[in-house]
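Q: Provide a 3D model corresponding to the input given below.
(one chain, ligands or ions: 1)
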Amino acid sequence: MTSPRPKTPDATEKPAQERYFRRGLGLKKEIQPVLESEYGSTVVPLIRERNNELTVGRLHFRLAKSFGFCYGVDRAVEYAYESREKFPDRNIYLLGEIIHNPHVNRRLQEMDIEFLYPTEDGTFDFSVVTEEDVVIIPAFGVTLHDFETLRKLDCILVDTTCGSVLNVWKRVESYAREGFTAIIHGKYWHEETRATSSQVKKYEDGRYLIVLDMDEALIACEYIRGEGDREAFMERFERSRSRGFDPDRDLKRVGVANQTTMLASESLAIAAKLGEAISDRWGAEEVPDRFRSFDTICSATQDRQDAVQEMMVKPPDIMIVIGGYNSSNTTHLAHLCAQHTTSFHIEDASCIDPENGTIAHKRIHTDEVVIEENWLPDDGVEIGLTAGASTPDSKIGETVERVLRSAGYDPAESLGLLGTEPE
Ligand code: SF4
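A: Down below sits the predicted model:
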């Protein structure tokens, strides 16, 4: 059996505690004003005070009830700033991106925080890290192997792994412990899913299979029913199954979990299909012994998806979804919106160019970024706004300002005229 993740240092172990920070670095008060000035917005509260709606001339904005920075991202960004404040002279390394937001990541680089990127197969090279250095683990977490390596290096660790991600890990670990193969609805290349799937390695016989979507889940269902083609299966899941995975042996008892930021409705549907397949193969009476399922979508992701669904009961003419192009939760919000109305997934407010009247956006369901002209109608228009969990309020406010300028309004004048009292 492989060794379990080293336990979080006990509060009584003073020297160890000073090298492993999981609950902040005690400088929240000091850095809060900085975070507020860099990521806060004066525009967003204006809209919130008006029941999430704002009218300026021919433009009517509707803001989703839940959007932007989630608790996990808030905390991760805060700890990164605290790290720089506490260790002004040390090398600080961040494993990958703290969150999937280009603006926030740029700011951290400007603070001289160096990003270590993994190779394509997810391996980090820690050869530059010494015990004098500080390493920040992002909100997605890191693999069991990387965590153990870092602990051995004895560097100072600032662990911002989100509590919701830790909950999924616990679930996946319990599957492995009880002899179930973890079937994870997620993206095998995503940092969080890599870290989550690695949790099964705490047990010698721990196994996982990652399914990207319903199509892949149905392939697994087919195999569970005894109808699959082994070779095709192995090829399809070459990069998304644990080493030594044997579908004939490892799909007899399965437990379902998911990357926290997937589309909740799809995750639930996938779990239901896998449960049906187990029942078909082994009979309903065997299901309790052969099937486990827990919805591990985090509440922040769920709230943002629910808020968009609520908006789509009466869809706006245009929907703008703000967040990194590689942000899983933002991409899902964009997909949801696109089912109902014209939707633009923009990475940042700067994608809207008021001077040229264009918007740069990632086409839904593709990786293609296109620049579109004449995107804003000339007459009255309702514009919906939402943002992924890694988008700060400042970027939402800037987006509103750029849309106003695109329509020929002066943001300072039009927003200033409204004052701070609700209309
Ligand atoms: S999206 Fe959810 S799991 Fe991810 S950091 Fe935010 S709260 Fe945590």
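Q: name the nearest residue to residue 336, ignoring sequence neighbours.
A: Spatial nearest neighbour of residue 336, chain neighbours left out: residue 308 (5.1 Å); criterion: CB to CB, 6 or more residues apart in numbering. Placement of C-beta: from N, CA and C, glycine included.
Q: which SS state does the closest residue to the ligand within the stretch 51-200 of the chain fall under?
A: Residue nearest to the ligand within the stretch 51-200 of the chain: residue 72 (2.5 Å; CB to the nearest ligand atom). Counting by DSSP: H, G, I helix; E, B strand; the rest coil, the backbone at residue 72 sits in helix.
Q: give me the neighbour count for the residue nearest to residue 336.
A: Neighbour count for residue 308, taken as other CB atoms under 10 Å: 24.
Q: name the element it belongs to?
A: helix 299-311 (DSSP states H and E).
Q: name the residues of this structure found near the ligand, please.
A: 70-73, 139, 162, 164-165, 260-261, 298, 300-301, 329, 389 (CB under 6 Å from any ligand atom).
Q: what's near enough to touch the residue of the stretch 51-200 of the chain closest to the ligand?
A: Residue 72 is in contact with 139, 160, 162-165, 298, 300, 389, counting by CB atoms under 8 Å, 6 or more residues apart in numbering.
Q: for residue 66, the count of nearby residues, please.
A: 20.
Q: so it touches residue 307, yeah?
A: Yes: using CB atoms under 8 Å, residue 66 is in contact with residue 307, at 4.1 Å.
Q: how about the closest residue to residue 402 other than its chain neighbours: which residues does it bridge to?
A: Distance criterion CB to CB, 6+ apart; nearest residue to residue 402, sequence neighbours excluded, is residue 352 at 4.0 Å. Counting by DSSP bridges, residue 352 forms beta bridges with residue 359.
Q: any figure for the gap between residue 352 and residue 358?
A: 8 Å (CB to CB, to the nearest Å).
Q: the two - which one has more neighbours?
A: Counted by other CB under 10 Å, residue 352 and residue 358 do not tie: residue 352 has more neighbours, with 26 against 18.
Q: now do the strands in the stretch 51-200 of the chain.
A: Taking DSSP state E, counting those that start in this stretch, the strands of the stretch 51-200 of the chain run over residues 53-56, 59-63, 92-95, 113-116, 134-137, 156-159, 181-185.
Q: what lies in contact with the second one?
A: For strand 59-63, the external contacting residues (CB under 8 Å, 6+ apart) are 44, 47-48, 52-55, 311, 316, 380-386, 396, 400, 403-404, 407, 409.
Q: narrow those residues to those that are buried.
A: 44, 47, 52, 54, 311, 316, 381-386, 396, 400, 403-404, 407, 409 (16 or more other CB atoms under 10 Å).
Q: restricted to strands, list the residues you listed.
A: Counting by DSSP state E, the buried ones among the contacts of strand 59-63 place 54, 381-386 in strands.
Q: would you point out the most distant pair within those?
A: 381 and 386 (16.7 Å; CB to CB).
Q: got a list of what the nearest residue in space to residue 97 that is not next to it in sequence touches?
A: Take residue 97 and drop its neighbours on the chain: the residue closest to it by CB to CB, 6+ apart is residue 105, 5.1 Å away. By CB under 8 Å, 6+ apart, the contact set of residue 105 is 97-99, 115.
Q: can I get the buried part of the residues you listed as one PyMOL selection?
A: Buried residues among the contacts of residue 105 (16+ other CB under 10 Å), as a PyMOL selection:
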select buried, resi 97+98+99
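Q: neighbours of residue 256, how many?
A: Using other CB under 10 Å: residue 256 sits among 28 other residues.
Q: next, it: phi, psi?
A: Phi and psi for residue 256, reported as degrees, to the nearest 10, are phi -100, psi 140.
Q: from what I see, it and residue 297 are in contact.
A: No: with contact defined as CB under 8 Å, residue 256 and residue 297 do not form a contacting pair (11.8 Å).
Q: nearest to the ligand: which residue in the stretch 251-400 of the chain?
A: For the stretch 251-400 of the chain, CB to the nearest ligand atom, closest residue to the ligand: residue 298, 3.2 Å.
Q: find the residue closest to that residue in space, skipping its chain neighbours.
A: residue 164 is the one closest to residue 298 (CB to CB, 6+ apart), at 3.6 Å.
Q: now for the one you found: which residues touch it?
A: Per CB under 8 Å, 6+ apart, neighbours of residue 164: 72, 260, 296, 298-300.
Q: coming back round to it: ok, the residue of the stretch 251-400 of the chain closest to the ligand - how many residues close by?
A: Neighbours around residue 298, by other CB under 10 Å: 24.
Q: ok, it - contacts?
A: 70, 72, 162, 164-165, 260-261.
Q: next one: residue 315
A: With CB under 8 Å, 6+ apart, residue 315 has these contacts: 337, 340-341, 384.
Q: again, only this time at 6 Å
A: 340-341 (CB atoms under 6 Å, 6 or more residues apart in numbering).
Q: and what of the one 3 residues further on?
A: Listed by CB under 6 Å, 6+ apart, the contact set of residue 318 reads 342, 383.
Q: just to revisit the earlier point, will you turn the contacts of residue 298 into a markdown table that also has distance to residue 31 and pLDDT?
A: Shown next, in a markdown table, are the contacts of residue 298 (distance: CB to CB, whole Å; pLDDT from 0 to 100):
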| residue | distance to residue 31 | pLDDT |
| --- | --- | --- |
| 70 | 19 | 93 |
| 72 | 17 | 94 |
| 162 | 19 | 95 |
| 164 | 23 | 94 |
| 165 | 23 | 96 |
| 260 | 26 | 93 |
| 261 | 26 | 90 |
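Q: of those, which pair is most distant in space?
A: 70 and 165 (11.5 Å).
Q: who has more neighbours, these two?
A: Comparing residue 70 with residue 165 by other CB under 10 Å, the one with more neighbours is residue 70, at 27 against 22.
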